[in-house]
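S.K.: only the shape, not the letters, is given here:
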């Protein structure tokens, strides 16, 4: 097998070797090399202590108890595939004991062999090390694989399997519960039976992990090629009830009505909407997954005994805001997700006015229009409709594009400004000026042909003097 390793990584590797340290590539980068997949992070493990590594790399940094030294790598100036290297992490061989908080070991000891180090890792496919044994013209020409837990065999068979006893692995670090699902989803593998059974038994331990770490793993699942399958694994393992219990409230809440396209309960509709959402942005996918999360809270029946969900988008926006705050989303991410859910019930009736379309754009935000359309497509297909876009949605999108070109009309585009108002009404700067501008804007927005200075100056005198 030919392997390609960036020059900057080789430079770091050879610097260890020149000082007679043992050095190995390890973990995800080795796994992806063997799978011939792109590599985001290059990790190494060595018998050098952190202090010895810092002598080799004076620009490195070390601020943890786990023997990991960060080595900055200058980003390549050319547009090659390795321009985003950033930081290489090199970690001293170690053994770990006493995981008191289900996440961090209480005791860390420097190890003596690579085999010791690999035995503490989470899954067999991540417990593989690679040692470069010779170079030809600065390129690796030969290498050795260290694989004491048969990770290569599990790669071949597409299996996620715990190193050693899964009972110990998950209780040591409960984040591994989510990592198993995430790796399974990203690689389209299967979780080995004993590992899966223990994952299900220990699912409740995920409550002891920080919300930030849970959010990060969840987003990696949503960013994968198979987000629907990942979410269903979270449900079937029992992890979902500790991460997004609000989503499970939709199980058994029927949406079926005569003449409507919905053919499933609320939960199934939400996850199928995620499956069919064309966006690859995990933020948009998350909004799509939760877009009808408010339905169970507002479900009622009409005079015919059929279920209805009045204002579910408002209830859903409130619930989603609480979820985003719990999972420690950034304000920007939270506001976008909440906004998409709040306004996802927009009408695409062909009779709506251009002014109504402009109001839609302002509510959603210019930057979110495409994302809202992607959510709507996921919503349609997730409800059982066979076509991604109705003729009305296609027409609506065309009209939205027309209002976006060259730019949507805003209050700053009025032919008059605050100075005109203050001059005519002989008033000083203050909230009143803004209120008048807003009223003029609302009037002009209904008919853009009114946006003439002479007309607006006249309206100021008529309405406000």
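M.R.: The structure has been received and is ready for your questions. None of the values given here were measured: they were computed from a predicted structure.
S.K.: list the contacts of the residue most central in space within the chain.
M.R.: Nearest to the mean C-alpha position of the chain, counting by Cα atoms, centre = their mean, stands residue 219 at 3.0 Å. Contacts for residue 219 (Cβ atoms under 8 Å, 6 or more residues apart in numbering) come out as 282, 286. Any C-beta I mention is one placed from the backbone N, CA and C, and that applies to glycine too.
S.K.: how near is it to residue 227?
M.R.: 10 Å (Cβ to Cβ, to the nearest Å).
S.K.: now swap in residue 337 and tell me
M.R.: For residue 337, the distance to residue 227 - Cβ to Cβ - is 15 Å.
S.K.: what's the answer for residue 130, then?
M.R.: Per Cβ to Cβ, residue 130 is found 31 Å from residue 227.
S.K.: between the two, which one's more packed in?
M.R.: Neighbours around residue 130 and residue 227, counted as other Cβ atoms under 10 Å, are more numerous at residue 227. The numbers are 25 against 21.
S.K.: shouldn't that one be in contact with residue 182?
M.R.: No - with contacts counted by Cβ atoms under 8 Å, residue 227 stays clear of residue 182, the gap being 10.8 Å.
S.K.: any residues in contact with both of the two?
M.R.: Joint contacts of residue 227 and residue 182 (Cβ under 8 Å, 6+ apart) are residue 221.
S.K.: one step back: give me the common contacts of residue 219 and residue 227.
M.R.: residue 282.
S.K.: element containing the residue nearest to the centre of the chain, please.
M.R.: helix 211-222 (DSSP states H and E).
S.K.: show me how far that helix is from its chain's centre.
M.R.: With Cα atoms, centre = their mean, to the nearest Å as the basis, helix 211-222 stands 7 Å off its chain's centre.
S.K.: quick one: low-confidence ranges for the stretch 151-300 of the chain?
M.R.: For the stretch 151-300 of the chain, applying pLDDT under 70 flags the ranges 257-262.
S.K.: show me what the strand or helix carrying residue 462 is in contact with.
M.R.: Assessed by DSSP H and E, residue 462 sits inside helix 453-464. Residues outside helix 453-464 that contact it (Cβ under 8 Å, 6+ apart) are 414-416, 420-421, 424-425, 436, 439-440, 443-444, 450.
S.K.: pLDDT on that helix, on average?
M.R.: Averaged across helix 453-464, the pLDDT comes to 86.
S.K.: got the buried residues for it?
M.R.: Going by neighbour count (16 or more other Cβ atoms under 10 Å), the buried part of helix 453-464 is 456-457, 459-460.
S.K.: ok, now stretch 24-35?
M.R.: Here stretch 24-35 shows 24-34 as buried, counting by 16+ other Cβ under 10 Å.
S.K.: and of the residues you listed, the nearest to residue 404?
M.R.: Nearest to residue 404, judged by Cβ to Cβ, of the buried residues of stretch 24-35 is residue 32 at 40.2 Å.
S.K.: can you tell me which residues contact that closest one?
M.R.: Counting by Cβ under 8 Å, 6+ apart, residue 32 makes contact with 38-39.
S.K.: how about residue 181?
M.R.: Applying Cβ under 8 Å, 6+ apart, the residues near residue 181 are 191, 199, 217, 221, 230, 233-234, 237, 239.
S.K.: surely it is in a helix?
M.R.: Yes - under DSSP: H, G, I helix; E, B strand; the rest coil, residue 181 sits within a helix.
S.K.: ok, residue 246 touching residue 295?
M.R.: No - proximity of residue 246 to residue 295 does not meet the contact threshold set by Cβ under 8 Å, at 10.8 Å.
S.K.: when those two are compared, which one has more neighbours?
M.R.: Applying other Cβ under 10 Å to residue 246 and residue 295 shows that residue 295 carries more neighbours, namely 24 against 18.
S.K.: okay but the more buried one is in contact with residue 265, surely?
M.R.: No - with contact defined as Cβ under 8 Å, residue 295 does not reach residue 265; the gap is 9.6 Å.
S.K.: find residues that contact each of the two.
M.R.: Joint contacts of residue 295 and residue 265 (Cβ under 8 Å, 6+ apart) are 250, 253, 255.
S.K.: now the first one, nearest residue through space, not along the chain?
M.R.: I take that to be residue 250. For residue 250, ignoring the flanking residues on the chain, the nearest one in space by Cβ to Cβ, 6 or more residues apart in numbering is residue 266 at 3.1 Å.
S.K.: touching, the one you found and residue 298? I think so.
M.R.: No - at 11.0 Å, residue 266 and residue 298 do not qualify as touching, with contact defined as Cβ under 8 Å.
S.K.: more neighbours: which of these two?
M.R.: More crowded of residue 266 and residue 298, by other Cβ under 10 Å: residue 266, with 25 against 15.
S.K.: residue contacts, that one?
M.R.: By Cβ under 8 Å, 6+ apart, the residues touching residue 266 are 249-251, 253, 255, 292, 295-296.
S.K.: filter the residues you listed to the buried ones?
M.R.: Among those, those buried by neighbour count (16+ other Cβ under 10 Å) are 249-250, 253, 255, 292, 295-296.
S.K.: want to throw these into CSV with distance to residue 116 and secondary structure?
M.R.: Shown next, in CSV, are those (distance: Cβ to Cβ, whole Å; DSSP: H, G, I helix; E, B strand; the rest coil):
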residue, distance to residue 116, secondary structure
249, 47, coil
250, 47, coil
253, 52, coil
255, 55, coil
292, 50, coil
295, 53, helix
296, 50, helix
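S.K.: max pairwise distance over those residues: which two?
M.R.: Going by Cβ to Cβ, the pair spanning those furthest: 249 and 255, at 13.6 Å.
S.K.: after the helix or strand harbouring residue 51 comes which helix or strand?
M.R.: With secondary structure defined by DSSP H and E, residue 51 is part of helix 50-56. As assigned by DSSP H and E, the chain's next helix or strand after helix 50-56 is strand 68-73.
S.K.: packing partners for that following strand?
M.R.: helix 7-18, helix 50-56, strand 86-92 (3 or more Cβ pairs under 8 Å, 6 or more residues apart in numbering; DSSP states H and E).
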